[in-house]
Every structure is written in C-alpha cells, then in structure tokens.
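**Student:** mind folding the following:
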Amino acid sequence: MDFVIKLLVEIVIGGLCGFAASKLLKVGNKSILFYIIVGVIGGAVGGALGSLIPVGSGWVFGVILAIVGSCLVVWLYKKLFKK
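**Tutor:** This next block holds a predicted model:
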C-alpha cells in the first residue's frame, strides 16, 4: 500500500514540476499526460544531475532539481519538435 501512495505522490509532484517547467519555457497548453511525462523524466534527469553535483539534499532540493531537469526536457522537446 505504501508503494501505491508513494507512486501517486511521485506522479503528482512530477506533473507539477512538468507544468512549472512548461510555463517557465512557454510551451503552451498541453495535456496533463504531457506534464506528467515531462515531470517524471525531468525528475530522473534532475536526480542524475544531483548525483553529479552533491550540493544539497532533502525534498525541497529534490523538487528544485526536478524542475531544472523538467526545464531541460522541455527545452529539448522544443528543439526537436519546433513547428
């Protein structure tokens, strides 16, 4: 049961981080699934960056890294799928 709750929390936080990154980089209106995917991938990217640069810890630092990682993913999305 704890795994399911943790997974739901990660999806919600990932969606919020993806939404924040999309608004920061002005992507436009996308679906909630886009925000969740970008946020979860961005969280993984941010976590990888955090392991390379050990400057902090805790959930606040994790959210900041997830937003930074999501911004990188959104930037890459914009570069690859520019209309």
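
**Student:** go through stretch 49-66 and flag the buried ones.
**Tutor:** For stretch 49-66, burial by neighbour count (16 or more other Cβ atoms under 10 Å) applies to 50, 62-63, 65-66. Where C-beta positions appear, they are placed from N, C-alpha and C, glycine not excepted.

**Student:** out of these, list just those in helices.
**Tutor:** When DSSP state H defines the helices, the subset of these inside them is 50, 62-63, 65-66.

**Student:** tell me the confidence at the residue most central in space within the chain?
**Tutor:** With distances taken as Cα atoms, centre = their mean, the residue of the chain nearest its centroid is residue 39 (2.8 Å). Residue 39 is assigned 80 on the pLDDT scale.

**Student:** residue contacts, it?
**Tutor:** By Cβ atoms under 8 Å, 6 or more residues apart in numbering, the contact list for residue 39 reads 13-19, 21, 66, 70.

**Student:** among those residues, which are in helices?
**Tutor:** Per DSSP H, these map to helices at 13-19, 21, 66, 70.

**Student:** which of those residues tops the neighbour count?
**Tutor:** residue 18 (31 neighbours; other Cβ atoms under 10 Å).

**Student:** quick check: that one touching residue 42?
**Tutor:** Yes - Residue 18 is within contact range of residue 42, at 6.3 Å (criterion: Cβ atoms under 8 Å).

**Student:** what does stretch 56-68 rub up against?
**Tutor:** 13-14, 17, 20-21, 24, 39, 42-43, 46-47, 49-50.

**Student:** stretch 42-53 - what's its average pLDDT?
**Tutor:** On average, stretch 42-53 scores 79.

**Student:** off-centre distance for it?
**Tutor:** In terms of Cα atoms, centre = their mean, to the nearest Å, the centre of stretch 42-53 is found 10 Å from the chain centre.
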